[in-house]
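> Sequence first, then the predicted structure, then my questions.
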Amino acid sequence: MVKTPLVGGDTTITAGTELTSGGGDNSTLSGVTQSNGINPSLFTGRFDGLAAATVAAMRLLNCEKTEVYFVNQEGSIYGKLLDDAVSFTGFPVLKFFLAPKANNGFGTRDSNVMTFEVQADYDEYLYKITPTFNILTF
């Protein structure tokens with residue numbers, strides 16, 4: 001298990017969009033748009049003031065089979081409850097990227113934006129546990 005630094009802010013999870021084909025043309029029957037699935041959901045967050053060694057170590061995660069747990073400001077952990085209703089795991093990361101360091105001028109901290117994708121239906125398996133310890137200071 002790897003614990004990354006706390007995300008500095010600007011965290012969002014953008015819902016996956018619908019995958020479609022056809023629509024308004026002759027490629028489908030009566031020109032009706034066909035729904036073919038859902039794109040992965042995209043997580044975006046910002047890390048402030050990361051050391052160079054931390055950036056290098058985090059970029060190595062791109063080559064690993066990685067799972068992610070979500071932690072809210074109250075210290076609850078969100079993951080995936082498996083079919084046995086006992087085992088708890090993270091969500092598989094489909095794509096990981098840590099952007100180069102940016103600085104937005106005087107009075108701002110250097111920051112790196114991180115993005116990763118999780119399967120579109122992750123929210124169907126979202127399960128919350130409340131640990132007996134403070135995960136935010138672990």
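Received the coordinates, thanks. Numbering: from 1, shown residues only.
> Wait, a strand at G75?
No. Counting by DSSP: H, G, I helix; E, B strand; the rest coil, G75 is not part of a strand but coil.
> okay, which residue of this protein is out on the far edge from center?
S30 (38.1 Å; C-alpha atoms, centre = their mean).
> On the pLDDT front, check the residue most central in space within the chain for me.
For the chain, F43 is the residue whose C-alpha lies nearest the centre (C-alpha atoms, centre = their mean; 3.6 Å). pLDDT, F43: 95.
> ok, it - contacts?
Listed by C-beta atoms under 8 Å, 6 or more residues apart in numbering, the contact set of F43 reads T11, T12, I13, T14, V68, M114, T115, F116, E117, V118. All C-beta atoms are positioned from the backbone trio N, CA, C, and that covers glycine.
> Turn those residues into JSON lines, columns for distance to G37, pLDDT and neighbour count.
Output for those, formatted as JSON lines (distance: C-beta to C-beta, whole Å; pLDDT from 0 to 100; neighbours: other C-beta atoms under 10 Å):
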{"residue": "T11", "distance to G37": "26", "pLDDT": "88", "neighbour count": "12"}
{"residue": "T12", "distance to G37": "22", "pLDDT": "91", "neighbour count": "9"}
{"residue": "I13", "distance to G37": "18", "pLDDT": "92", "neighbour count": "14"}
{"residue": "T14", "distance to G37": "16", "pLDDT": "93", "neighbour count": "13"}
{"residue": "V68", "distance to G37": "22", "pLDDT": "92", "neighbour count": "17"}
{"residue": "M114", "distance to G37": "25", "pLDDT": "94", "neighbour count": "20"}
{"residue": "T115", "distance to G37": "21", "pLDDT": "95", "neighbour count": "15"}
{"residue": "F116", "distance to G37": "19", "pLDDT": "95", "neighbour count": "21"}
{"residue": "E117", "distance to G37": "14", "pLDDT": "95", "neighbour count": "19"}
{"residue": "V118", "distance to G37": "15", "pLDDT": "95", "neighbour count": "23"}
